[in-house]
Each structure stands twice: as C-alpha cells, then as structure tokens.
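Novice: build me a model:
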Amino acid sequence: MRLTVLAIEGVFDTGLAAVMDTFATANELAATQGLKIPRFEVTVAGVRRRVRTAHGLQIPVQAAASLVPPDWVVLPAPDTKRPDTLVPALERADTRDAVVAVRAWHGAGSRIAAACIGGFLLAESGLLDGQEATTSWWLGPLFRQRYPRVKLDESRMLVPSGDFVTAGATIGHLDLALWLVRQTSPELAAVVARYLLVDARPPQAAYMIPDHLAHADPLVQRFERWARARLDQGFSLEAAADALATSKRTLQRRLEAVLGKSPLAYFQDLRVERALHLLRTTPTDIETIAAEVGYADGVTLRSLLRKRLGRGVRELRAR
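Specialist: Below you'll find the model as predicted:
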C-alpha cells in the first residue's frame with residue numbers, strides 16, 4: 001500500500017508521529033513475524049518546500065505536485081484546537097493549496113483518510129458532502145455549521161464512508177493508522193496494537209463534555225442549565241420551550257443545528273454524564289444513581305451506559 005501523509009505548517013506533532021510510527025512498526029513487525037505482506041510505502045508531502053510542526057521542528061517533505069497519486073492520502077491534524085484559531089488557519093494560502101492537492105489526488109483515484117482536525121481539511125474540499133464523518137468532539141458545532149452537507153457524528157471514534165475515513169480527536173490518529181493497516185492485514189494490525197499498547201477505546205461519546213458543546217449557542221446553553229436542574233424528572237419539550245420563552249420548533253431546530261441531536265437526546269446525554277460522574281466519584285449503588293438521573297431502575301441505566309459508552313458499570317467505576 002502506498003500512502004502519502006500531507007503535512008501543512010503547524011501540523012500536530014503527536015498526530016504526525018502516531019501515523020508515521022504505526023506504519024513503521026507495521027513494516028518492522030511484518031518482517032519479524034514472517035507475514036508475507038507488502039510494505040507500507042509512506043511519503044510525507046507538503047505544498048511548501050519547508051514544513052514545521054507545531055513545536056517548530058522542521059520535517060523533510062516531498063513536493064505534493066510531484067508525487068504519483070497514492071492508494072491513500074492521510075491528513076493529520078493541524079495544531080489548532082479552538083474555533084478562533086482554526087478558522088483563520090483554514091483560510092491560509094498553504095491550507096487552500098493543500099485542499100486543491102487533496103481534490104486532485106482523489107480525482108486521480110486516491111482515497112482520503114483524515115484524523116482529528118484533519119477532517120476539516122477534507123471537508124473544505126467538498127469531497128465529504130453527503131458522506132458520514134467524525135471529527136474532534138469539541139469542534140462538532142463549528143464543523144456542523146461550516147459543512148452542513150456532511151453527515152457528522154462526533155460521538156464516533158472512526159467513520160469509514162465511501163472513499164473516505166475520518167477519525168476522532170488527538171489519539172484518533174492511532175485508530176486511523178491501525179484501521180489502514182487492518183485493510184491490508186487484520187492479523188498485523190492486532191500485533192501492532194499490542195506493541196503500541198493500544199486498547200480498544202470506546203466511542204468519543206465517552207470523552208465528550210456536554211456543557212462545553214452547549215456554550216456554542218446561547219439558547220442551547222440556557223436549555224442545558226434548565227435540563228440539568230431536572231435530570232431526575234421526565235422530559236417535556238413543551239415545558240422546556242415554555243421555560244425558555246421560545247417555541248418547540250425553534251428549540252428543536254437550534255439543538256439540531258448546533259449539536260446534531262434533539263432536545264431529548266441531549267437531555268439523555270446529560271443524564272449519562274451525571275450517572276458517570278456519580279459512578280466514578282461516589283460509592284452510590286446503581287439503583288440509587290438510576291433514580292437520581294430519572295431512570296426507573298438500574299437495569300435500564302446499565303444498558304444505556306453500555307450502549308453509549310461501550311463499557312459496563314464495573315469497568316466505568318474502576319476507571
């Protein structure tokens with residue numbers, strides 16, 4: 001498999017290193033394990049002659065325009081974690097040139113993989129329109145606003161869709177690289193994961209901070225405060241709209257636009273967050289916690305936690 005890792009100025013050091021180290025480890029282990037698997041031919045490309053990482057390290061790159069279209073183009077994240085720095089970074093000349101290169105490679109038959117904020121670069125190309133995707137969970141509202149035609153689900157860690165695959169925040173670079181290795185050899189990917197001490201992680205939903213997302217919109221933030229005071233009660237959209245002096249339709253529309261989910265779904269997110277906090281910080285039994293967050297019994301809460309977070313009560317409490 002031939003892969004081109006496209007790095008732009010200020011690329012996230014950890015993300016770039018995670019991708020490169022995963023493929024280097026895969027090549028080494030394939031040889032030592034006697035696996036008859038073609039090597040991963042990895043090239044680091046740039047749209048400028050010199051590229052520095054976020055920590056100022058200069059990395060050698062080949063000119064993107066000079067390369068034969070690879071099997072996969074990998075887009076590691078730029079190190080811009082906040083909307084106020086990300087949006088200007090997306091408008092930079094080198095970023096725009098990188099987007100043009102991505103379109104050209106895809107037009108020539110390459111598939112595209114992006115991790116963390118690298119998903120924004122891919123979405124800028126327009127190629128993700130109509131596709132499913134994920135990105136860094138805390139930037140979901142911005143992504144949804146900027147790319148409304150992309151079917152975003154930031155609760156997921158890894159999302160393959162058509163010619164594309166996107167991964168979640170930060171260490172999602174490892175998940176992405178291992179997924180690419182797995183396309184060639186599931187056996188090799190399993191060995192690499194063991195060497196790198198990469199456990200199967202839960203969805204990004206396990207790491208999300210609901211009130212952080214709510215701050216992206218004043219009405220959503222007010223709904224979040226209203227909901228937190230009533231987690232042990234049944235949910236009523238009509239009551240919520242009345243309390244916030246808005247219409248049910250407006251409340252529904254605003255939460256869908258900002259968070260990509262209904263008021264009820266977000267209310268349930270807050271219940272899960274509260275239950276998880278109680279599990280990790282108190283010895284309270286699961287039946288009592290269920291009552292505190294509005295569920296009829298511990299069985300219902302156990303099932304919901306397993307579905308949402310990918311782990312059972314015992315695992316969550318141990319962590």
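Novice: which residue ranges make up each domain of the protein?
Specialist: 2-204, 210-318 (automatic domain parsing).
Novice: same list (those) but as a markdown table, adding mean pLDDT and mean neighbour count.
Specialist: (Glycine included, C-beta is placed from N, CA and C.) Below are those laid out as a markdown table (pLDDT from 0 to 100; neighbours: other C-beta atoms under 10 Å):
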| stretch | mean pLDDT | mean neighbour count |
| --- | --- | --- |
| domain 2-204 | 94 | 19 |
| domain 210-318 | 88 | 16 |
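Novice: which residues of the protein fall in strands?
Specialist: Counting by DSSP state E, one finds strands in the chain at the ranges 2-6, 41-46, 51-52, 58-59, 62-63, 72-75, 111-115, 132-133, 151-152, 158-161, 164-167.
Novice: can you list the strands that the third one pairs with?
Specialist: The sheet places strand 51-52 alongside strand 58-59 (antiparallel), with pairing taken from DSSP bridges.
Novice: the first one too?
Specialist: Sheet neighbours of strand 2-6, with direction, are listed as strand 41-46 (parallel), strand 72-75 (parallel) (DSSP bridges).
Novice: that strand to strand 111-115, inter-axis angle?
Specialist: Counting by axes from the mean of the first three to the mean of the last three C-alpha atoms, to 10 degrees, strand 2-6 points 50 degrees away from the direction of strand 111-115.
Novice: and the contacts of strand 2-6?
Specialist: The contact list for strand 2-6 (C-beta atoms under 8 Å, 6 or more residues apart in numbering) reads 16, 19-20, 23, 40-47, 64, 67-68, 70-76, 98, 101-102, 105, 110, 180.
Novice: include distance to T250 when you put the strands of the chain into CSV, please.
Specialist: Shown next, in CSV, are the strands of the chain (distance: least, C-beta to C-beta, whole Å):
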stretch, distance to T250
strand 2-6, 41
strand 41-46, 46
strand 51-52, 46
strand 58-59, 48
strand 62-63, 51
strand 72-75, 36
strand 111-115, 34
strand 132-133, 27
strand 151-152, 22
strand 158-161, 30
strand 164-167, 31
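Novice: A291 against R271, yeah?
Specialist: No. A291 sits out of contact with R271 when judged by C-beta atoms under 8 Å, with a separation of 11.6 Å.
Novice: just to revisit the earlier point, quick one: which of the strands paired with strand 2-6 is nearest V159?
Specialist: When the strands paired with strand 2-6 are ranked by proximity to V159, the top entry is strand 72-75, at 14.2 Å, counting by C-beta to C-beta.
Novice: could you export the closest one as PDB, CA atoms only?
Specialist: C-alpha atoms of strand 72-75 as PDB (Å, rounded to 0.1, in the frame of the first residue of the first chain):
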ATOM      1  CA  TRP A  72      -4.300   6.600   0.400                       C
ATOM      2  CA  VAL A  73      -3.700  10.200   1.300                       C
ATOM      3  CA  VAL A  74      -3.600  10.800   5.100                       C
ATOM      4  CA  LEU A  75      -4.400  14.200   6.600                       C
END
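Novice: ok so, going back, same list (the strands paired with strand 2-6) but as CSV, adding distance to L231.
Specialist: Compiled in CSV, those are given as follows (distance: least, C-beta to C-beta, whole Å):
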stretch, distance to L231
strand 41-46, 48
strand 72-75, 39
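Novice: figure out which of those strands is closest to L255.
Specialist: Comparing the strands paired with strand 2-6 against L255 with C-beta to C-beta, the closest turns out to be strand 72-75 (29.6 Å).
Novice: ok now that closest one, how far from the chain's centre?
Specialist: For strand 72-75, the distance between its averaged C-alpha position and the chain's averaged C-alpha position is 16 Å (C-alpha atoms, centre = their mean, to the nearest Å).
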